[in-house]
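S.K.: Mind looking at a prediction? Sequence and model below.
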Amino acid sequence: MKCIAEIKKDMEKDKPMDRLLCGDVGFGKTEVAMRAAFKAVNDIKQVAYIVPTTVLAKQQANEFRARMKKFPIVIEDISRFRTTKEQKAIIERLSKGEIDIIVGTHRLLSSDIKFRDLGLLIIDEEHRFGVKDKEKIKIIKDTVDVLTMTATPIPRTMNMSLSGVRDMSVIYEPPYNRLPIKTYIIDKDMDIIKEAILKEVERGGQVFYVYNRVEFIENIVNDLKKNIKGITIDYAHGKMTPKEIEKRMKDFVENKTKVLVCTTILESGIDIPNANTIIIEDADKLRTCTIISDERKSTEDQQNKDMHI
């Protein structure tokens with residue numbers, strides 16, 4: 001892959017890398033990041049991987065562990081899911097160089113986080129971070145390699161890349177075994193919705209149901225529960241506390257919930273390969289909705305992804 005060669009070449013230069021990696025959802029940006037991290041660790045450097053949400057931090061850390069389990073690489077994650085005692089222990093080990101790859105949210109930019117020898121900073125969806133975080137990232141960029149990943153670059157970031165201020169790599173094609181998404185536009189019909197949900201759950205998958213009106217979202221949940229028995233259905237929206245949202249998202253990630261009814265709070269910061277169907281009600285009223293779902297299954301064991309609108 002051309003982008004991997006470009007990143008490898010940058011990392012071998014004397015000048016610190018500042019590269020933007022663009023690619024659509026499921027095109028393999030995380031895999032490219034893993035390879036860059038692996039190279040940095042082989043060069044006896046530490047890696048920090050910053051993601052926008054605590055749920056995604058846990059997911060990506062587990063993904064890194066599974067991918068690199070055959071190698072003597074120490075991988076940790078730090079977020080609100082960790083106790084204060086655990087966080088202190090991780091920070092101490094990190095400063096001593098006992099951790100090779102650390103995955104976390106903007107918590108990694110805190111003043112108490114010290115690295116023994118940071119060599120690579122990977123940033124997932126930079127535009128999701130605040131001004132103060134970006135200022136800290138700007139300081140770090142002067143001394144270490146930085147790889148920024150996004151499927152939706154903001155105009156300023158894109159302009160900097162196109163004007164040559166920062167380098168850019170683009171993944172133009174999906175993995176060879178990824179199947180095309182099927183999209184259906186229909187009038188709301190509970191029989192069709194029920195059929196789509198049951199079909200997905202029966203094949204071992206999960207379903208997102210996007211409904212962007214908080215005041216009526218519980219009505220949608222009750223309606224689904226009334227018509228579809230024996231399936232765990234939950235909901236999440238932006239008016240809940242961050243802790244409650246994280247708990248419900250975590251239950252969905254861990255496959256405890258089969259159908260998650262939610263607003264567009266899910267449009268970034270989650271990676272759920274098992275969620276193969278999304279139902280969007282009143283899609284014409286939404287500005288945008290991007291579902292992050294990394295498709296790594298082969299065509300032999302993966303059904304077509306369905307999008308019902």
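M.R.: Now that the structure is in, tell me what you want to look at.
S.K.: Quick one: the helices in the protein, in order.
M.R.: Secondary structure of the chain by DSSP state H: the helices cover 2-11, 29-42, 54-67, 84-95, 131-140, 155-162, 190-202, 217-227, 242-253.
S.K.: What average pLDDT does the fourth one get?
M.R.: Averaging pLDDT along helix 84-95 gives 94.
S.K.: packing partners for that helix?
M.R.: Here helix 84-95 is seen to pack against strand 75-78 when contacts are counted using 3 or more CB pairs under 8 Å, 6 or more residues apart in numbering; DSSP states H and E. Where C-beta positions appear, they are placed from N, C-alpha and C, glycine not excepted.
S.K.: Need the residues that contact the strand it packs on.
M.R.: Strand 75-78 has contacts (CB atoms under 8 Å, 6 or more residues apart in numbering) with 57-58, 60-61, 64-65, 68, 87, 90-91, 93-94, 99-104, 107-108.
S.K.: a markdown table for the helices of the chain, including distance to residue 259 and mean neighbour count?
M.R.: Formatted as a markdown table, the helices of the chain follow (distance: least, CB to CB, whole Å; neighbours: other CB atoms under 10 Å):
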| stretch | distance to residue 259 | mean neighbour count |
| --- | --- | --- |
| helix 2-11 | 36 | 16 |
| helix 29-42 | 25 | 21 |
| helix 54-67 | 17 | 21 |
| helix 84-95 | 32 | 14 |
| helix 131-140 | 34 | 13 |
| helix 155-162 | 35 | 14 |
| helix 190-202 | 6 | 16 |
| helix 217-227 | 7 | 14 |
| helix 242-253 | 9 | 18 |
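S.K.: Pipe those into CSV and attach distance to residue 17 per row.
M.R.: CSV is the format used below for the helices of the chain (distance: least, CB to CB, whole Å):
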stretch, distance to residue 17
helix 2-11, 4
helix 29-42, 9
helix 54-67, 20
helix 84-95, 22
helix 131-140, 12
helix 155-162, 13
helix 190-202, 41
helix 217-227, 43
helix 242-253, 31
